[in-house]
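Q: have a look at this prediction, sequence included:
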Amino acid sequence: MHPWPSCPHILASAALILCLGLASCDGGEPTALETDGVGFEPSVPEATLITGSVVNVRDFGARPNDQIDDTGAFAAALSALPAGGGTVRIPAGTFLLIATPRSSIGRGIDIFRRTNITLAGDGMQQTVLRMAPGISYRGDTHVILIEQSSDITVRDLMVDGNRFRVSYGDEQSHGVDVRGSSGVRLQRVIFTGMHGDGVQLIGTLGPTLRWVENVQVEDCLFTHNGRSGIAVQRAVRGLTVTRNTFTRLNDQAVDMEPSDSSIDGLVPHDFAITNNYFFDTATLAVTVAGISSEQPARNVRVANNTFEGAGMLVFNAVNVRIESNVIRSGTRWSPIDVRKKGEKIWIVDNIVDSRATDGPAIELAYHTSMAPQDVHVINNTILTSGEPGFSSRDAKALEVVGNRITGPGNTGINIVDVNPDSPLSEFLVERNTISGYRTGIRFATDEDPMREVCVRGNTLLNFNVQLVLDGRIVRDCTFD
């Protein structure tokens with residue numbers, strides 16, 4: 001039995017076709033959400049107790065479905081809340097927004113230096129915040145900008161960038177842009193039609209460094225965006241991404257690639273990506289990465305997710321746990337690919353299927369003069385077609401234990417030395433069951449000797465050759 005995530009708002013089928021206010025499935029005019037008869041259930045807002053001040057955007061002049069700009073009504077509703085915050089209720093219907101600039105950043109709804117604010121719709125498919133058509137923007141432009149704020153909730157609505165009817169001049173144009181804020185919750189929101197990302201998280205510099213921290217993205221749908229679902233930039237910590245669906249994206253679903261190396265200590269850390277469903281995304285669904293090998297990301301857990309047709313990449317990251325996922329890659333990338341400075345990586349209890357790809361199921365690769373180390377590959381079920389189940393190039397300190405590796409091909413476990421002067425040592429290959437390959441386990445080295453190699457207790461089935469040792473494998477070796 002596959003460990004499919006139990007996610008109440010997840011799409012029911014990988015074959016689902018979604019058309020969210022962009023273009024209809026047959027290329028005609030934009031339509032409402034279509035589910036192609038596969039059972040996507042519109043979300044119903046939870047019975048949430050609302051306390052404190054409450055205003056309704058209709059009371060400030062907003063009228064759904066009237067094709068008139070409602071930006072001023074939202075600004076007035078937010079201004080009507082006291083300094084202690086409150087809730088802006090947004091009824092069912094479509095509300096149009098036109099971005100206005102502040103500090104050269106365009107935004108339809110501006111939450112700046114506020115606390116305890118909730119934007120509450122009537123449901124993911126009932127309340128729609130849409131950028132008004134026929135407008136051209138030059139700089140970065142967002143539907144909602146949350147900056148230097150705390151305890152902000154956006155829930156039960158759709159955020160639509162309307163990118164086929166709006167002209168965006170900057171790829172940094174997102175659905176919700178979170179800058180230097182904490183305690184942000186995005187719950188039961190559809191992010192669609194963005195020129196850039198559904199959500200971007202970025203710490204702010206200036207006179208005072210402000211981290212983005214303690215952000216929760218729960219039960220959301222990311223689809224038909226020009227870039228990623230969630231983009232993680234510098235100075236982000238404490239992110240939880242759970243029970244979301246990511247599909248029809250032009251880039252990664254969750255992309256952690258901070259680019260600012262001018263200041264030390266801004267690397268993202270302490271993330272949990274759990275119980276999500278990824279399908280029909282770009283070549284990679286999840287990227288876990290720091291700023292550089294000297295500033296790696298750290299403390300990331302990717303667990304209990306389902307990946308259909310794309311996998312994940314880890315580089316410049318320390319202390320990463322990849323566990324209990326189902327990953328079926330259909331691209332040139334391996335379902336799990338670890339490169340450069342990947343250290344203290346745990347790959348445990350996953351189902352990894354690379355039968356539709358050209359690469360190994362799990363690959364550790366030397367890249368830009370660096371290779372992963374301290375990697376633990378334990379109790380995975382690995383299915384391949386023509387390539388190794390597990391492949392390591394120049395990595396150090398590997399533990400490959402208790403895996404079930406099946407598939408036609410040359411080698412089940414392939415540990416090789418490619419580049420000179422690699423510190424090849426500390427290999428444990430133990431209690432794996434390998435079947436269907438011509439060679440079960442292969443160690444191959446050219447110039448660099450392999451030290452502290454232990455191969456024991458493995459079950460090798462249906463082979464012409466079970467174990468191949470090429471090159472200098474010396475000192476403290478055990479083969480059983």
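A: Thanks, I have the structure now. Residues are numbered from 1 along each chain as shown.
Q: straight-line length of stretch 92-110, end to end?
A: 21 Å (CA to CA, to the nearest Å).
Q: can you give the contact residues for it?
A: Residues outside stretch 92-110 that contact it (CB atoms under 8 Å, 6 or more residues apart in numbering): 57, 62, 64-65, 67-71, 74-75, 78, 112, 119, 121-123, 126-132, 135, 137, 139-145, 173, 177. Using the backbone N, CA and C atoms, a C-beta is placed for each residue, glycine as well.
Q: which residues in the stretch 351-480 of the chain form strands?
A: 351-353, 362-365, 373-378, 381-383, 390-393, 396-401, 404-416, 425-430, 433-444, 451-456, 459-461, 465-470, 478-479 (DSSP state E, counting those that start in this stretch).
Q: tabulate those (TSV), appending mean neighbour count, mean pLDDT and distance to I98.
A: Compiled in TSV, the strands of the stretch 351-480 of the chain are given as follows (neighbours: other CB atoms under 10 Å; pLDDT from 0 to 100; distance: least, CB to CB, whole Å):
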stretch	mean neighbour count	mean pLDDT	distance to I98
strand 351-353	24	96	47
strand 362-365	27	93	47
strand 373-378	21	96	50
strand 381-383	21	96	51
strand 390-393	25	93	52
strand 396-401	21	94	55
strand 404-416	22	91	55
strand 425-430	19	90	60
strand 433-444	22	90	60
strand 451-456	17	88	65
strand 459-461	14	89	66
strand 465-470	15	73	66
strand 478-479	12	64	70
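Q: a markdown table for those strands, including distance to G93?
A: Below are the strands of the stretch 351-480 of the chain laid out as a markdown table (distance: least, CB to CB, whole Å):
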| stretch | distance to G93 |
| --- | --- |
| strand 351-353 | 43 |
| strand 362-365 | 48 |
| strand 373-378 | 51 |
| strand 381-383 | 48 |
| strand 390-393 | 53 |
| strand 396-401 | 56 |
| strand 404-416 | 53 |
| strand 425-430 | 61 |
| strand 433-444 | 57 |
| strand 451-456 | 65 |
| strand 459-461 | 62 |
| strand 465-470 | 67 |
| strand 478-479 | 70 |
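Q: D264: which of the ones you listed is closest?
A: strand 373-378 (22.5 Å; CB to CB).
Q: tell me what the closest one is packed against?
A: Judged by 3 or more CB pairs under 8 Å, 6 or more residues apart in numbering; DSSP states H and E, strand 373-378 is in contact with strand 336-348, strand 396-401.
Q: low-confidence ranges, the stretch 1-150 of the chain, go.
A: Flagging of the stretch 1-150 of the chain using pLDDT under 70 yields the residue ranges 1-52.
Q: what are the boundaries of the helices in it?
A: Ranges of helices in the stretch 1-150 of the chain, per DSSP state H, counting those that start in this stretch, are 71-80.
Q: residue ranges with poor pLDDT in the stretch 151-300 of the chain?
A: In the stretch 151-300 of the chain, residues with pLDDT under 70: 261-262.
Q: ranges for the strands of it?
A: All strands of the stretch 151-300 of the chain, identified by DSSP E, counting those that start in this stretch, fall at 167-168, 176-179, 182-192, 199-202, 212-218, 221-225, 230-232, 236-242, 245-249, 254-256, 269-274, 277-279, 284-289, 297-303.
Q: partner strands of the fourth one, with direction?
A: Okay, so that is strand 199-202. When pairs are called by DSSP bridges, strand 199-202 turns out to pair with strand 176-179 (parallel), strand 230-232 (parallel).
Q: name the stretch among these that sits most buried.
A: Using mean count of other CB atoms under 10 Å, the stretch among the strands paired with strand 199-202 with the largest mean neighbour count is strand 230-232, at a mean of 27.
Q: name the residues that touch the helix or strand where F307 lies?
A: Here F307 sits within strand 306-309, counting by DSSP states H and E. The set of residues external to strand 306-309 that reach it, using CB under 8 Å, 6+ apart, is 4-5, 14, 276-281, 285-286, 325-331, 335, 356.
Q: mind listing what it pairs with, with the direction of each?
A: Partners of strand 306-309 in the sheet, by DSSP bridges, are strand 277-279 (parallel), strand 326-329 (parallel).
Q: V418: which of these is closest?
A: Nearest to V418 among the strands paired with strand 306-309 is strand 326-329 (22.5 Å), distances taken as CB to CB.
Q: quick one: buried residues of the closest one?
A: V326, I327, R328, S329 (16 or more other CB atoms under 10 Å).
Q: coming back round to it: give the other helices and strands that the helix or strand that the strand holding F307 is followed by contacts.
A: Moving toward the C-terminus from strand 306-309, the next helix or strand (DSSP H and E) is strand 311-323. Packed against strand 311-323 by the contact rule (3+ CB pairs under 8 Å, 6+ apart) you find strand 284-289, strand 297-303, strand 326-329, strand 336-348.
Q: just name the most buried of those strands.
A: strand 284-289 (a mean of 26).
Q: circling back: and the strands paired with strand 199-202 as JSON lines, adding distance to G206?
A: Shown next, in JSON lines, are those (distance: least, CB to CB, whole Å):
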{"stretch": "strand 176-179", "distance to G206": "10"}
{"stretch": "strand 230-232", "distance to G206": "20"}
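Q: indicate which one of these is closest to T439.
A: Proximity to T439, assessed across those by CB to CB, is greatest for strand 230-232 (40.2 Å).
Q: any residues touching that closest one, and which ones?
A: 174, 196-201, 217, 222, 239, 241, 253-258, 268, 271.
Q: for the most centrally placed residue in the chain, give me its contacts.
A: Geometric centre of the chain, nearest residue: V254, 2.0 Å, by CA atoms, centre = their mean. Neighbouring residues of V254 by CB under 8 Å, 6+ apart: S228, G229, I230, V232, V241, F246, I273, A285, V286, T287.
Q: so which of the strands paired with strand 199-202 gets nearest T153?
A: With CB to CB as the measure, strand 176-179 is the member of those nearest T153 (11.4 Å).
Q: not counting its own residues, what contacts that closest one?
A: Contacts of strand 176-179 (CB under 8 Å, 6+ apart): 105, 107, 140, 142-148, 154, 159, 184, 186, 189, 191, 198-204, 210, 212, 215.
Q: sorry, back to before: filter the contacts of stretch 92-110 down to the buried ones.
A: When the contacts of stretch 92-110 are checked for burial by 16+ other CB under 10 Å, the buried set is 57, 62, 64, 70-71, 74, 78, 119, 121-123, 126-132, 135, 137, 140-145, 173, 177.
Q: before we move on, the earlier item: mark which of the contacts of strand 306-309 are buried, thanks.
A: Counted by 16+ other CB under 10 Å, the contacts of strand 306-309 give 5, 276-281, 285-286, 325-331, 335 as buried.
Q: can you redo the contacts of V254 as a markdown table with distance to T406?
A: A markdown table is the format used below for the contacts of V254 (distance: CB to CB, whole Å):
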| residue | distance to T406 |
| --- | --- |
| S228 | 33 |
| G229 | 32 |
| I230 | 34 |
| V232 | 35 |
| V241 | 31 |
| F246 | 29 |
| I273 | 27 |
| A285 | 24 |
| V286 | 25 |
| T287 | 28 |
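Q: quick check, V54 in contact with G85.
A: No - at 10.8 Å, V54 does not count as touching G85 under the criterion of CB atoms under 8 Å.
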